[in-house]
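K.L.:
Below is the structure, and that's it, no one-letter string:
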């Protein structure tokens, strides 16, 4: 399949567009941009900087990708934005490139669903198969694990880590880390249980779900201090991979966890 570029679009000569890429009306593609085969970019988008987009992505209208980040220390360094394959990025999303003070790259993995008006700031890492609902805002250096779901209008503080399979309620204000598998909601935000239904949909066995529920009780319902619960789960993780995911996350917590 040939590349299709609308006559009103502006594409820099140095941009690399793979087979079957479609570029909509009034879209601007400049800088050191690479776009993988089969990706469709809507109307009135801007793709700039050192931005690499993988295969078969659907990027809707009025999206901004790879623009200069909003860190006041940024001085034009050649940092990057990397987007994987088969992502859906809806209208008015903005994904900024990284900073030299951190990894130098903002990363979005594969098969993610970013709804309208989502902002992904500099140096964020978004995993695979996440769902990030409308108007969610990720501040700089945020990490979002695989299969996480963030409800609409969620705001995430810089440097926060959100674990795999988390379910985050609408309008959440996330100021601390959220461990894997946990469902959170309310204001102030609190842990309300395990995302058991999500785990079942992802083919976790009944035994694995039961292990996760027991781990949640150890972390949130026992009389153990955080360090004691973390150490107990680390011992359990030696025999249960699903618990090792949790214990590894807890070992890297620096901001404390949502309680």
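P.N.:
Great, that's in hand. None of the values given here were measured: they were computed from a predicted structure. Numbering: from 1, shown residues only.
K.L.:
So which residues of the protein form helices?
P.N.:
With helices called from DSSP state H, the chain shows them at 196-201, 206-216, 226-237, 241-251.
K.L.:
Adding distance to residue 12, write these out as TSV.
P.N.:
For every residue, glycine as well, the C-beta is placed using N, CA and C. Supplementary listing: these in TSV, determined by distance: least, Cβ to Cβ, whole Å:
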stretch	distance to residue 12
helix 196-201	42
helix 206-216	48
helix 226-237	49
helix 241-251	41
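K.L.:
Looking at those helices, which one is packed in the most?
P.N.:
helix 241-251 (a mean of 19; mean count of other Cβ atoms under 10 Å).
K.L.:
which helices and strands sit right next to it?
P.N.:
Contacting helix 241-251 under the criterion 3 or more Cβ pairs under 8 Å, 6 or more residues apart in numbering; DSSP states H and E are the following elements: helix 206-216, helix 226-237.
K.L.:
could you dump the helices of the chain to TSV with mean pLDDT and distance to residue 150?
P.N.:
TSV is the format used below for the helices of the chain (pLDDT from 0 to 100; distance: least, Cβ to Cβ, whole Å):
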stretch	mean pLDDT	distance to residue 150
helix 196-201	98	13
helix 206-216	98	20
helix 226-237	96	24
helix 241-251	98	17
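K.L.:
Go through these and name the closest to residue 134.
P.N.:
Judged by Cβ to Cβ, the one of the helices of the chain that comes nearest to residue 134 is helix 196-201, at 19.5 Å.
K.L.:
got TSV for the helices and strands packed on helix 241-251, with distance to residue 147 too?
P.N.:
As requested, the helices and strands packed on helix 241-251 are exported to TSV (distance: least, Cβ to Cβ, whole Å):
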stretch	distance to residue 147
helix 206-216	13
helix 226-237	19
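K.L.:
ok, back up a step: which one, of the helices of the chain, ends up nearest to residue 43?
P.N.:
Smallest distance to residue 43 across those (Cβ to Cβ): 34.4 Å, for helix 196-201.
K.L.:
Go ahead and measure how far the closest one is from the middle of the chain.
P.N.:
For helix 196-201, the distance from its own C-alpha centre to the chain's C-alpha centre is 20 Å (Cα atoms, centre = their mean, to the nearest Å).
K.L.:
Stretch 227-245 now?
P.N.:
Remark: stretch 227-245 is offset 25 Å from the chain centroid, using Cα atoms, centre = their mean.
K.L.:
Need the residues that contact that stretch.
P.N.:
Here stretch 227-245 makes contact (Cβ atoms under 8 Å, 6 or more residues apart in numbering) with 163-164, 180, 204, 208, 211-212, 215, 218-219, 222, 224, 246-248, 250-251.
K.L.:
List the residues that contact the residue nearest the centre of the chain.
P.N.:
In the chain, the C-alpha nearest the mean C-alpha coordinate belongs to residue 126, at 2.5 Å (Cα atoms, centre = their mean). Contact criterion Cβ under 8 Å, 6+ apart gives 107, 108, 109, 112, 120, 132, 138, 144 as the residues in contact with residue 126.
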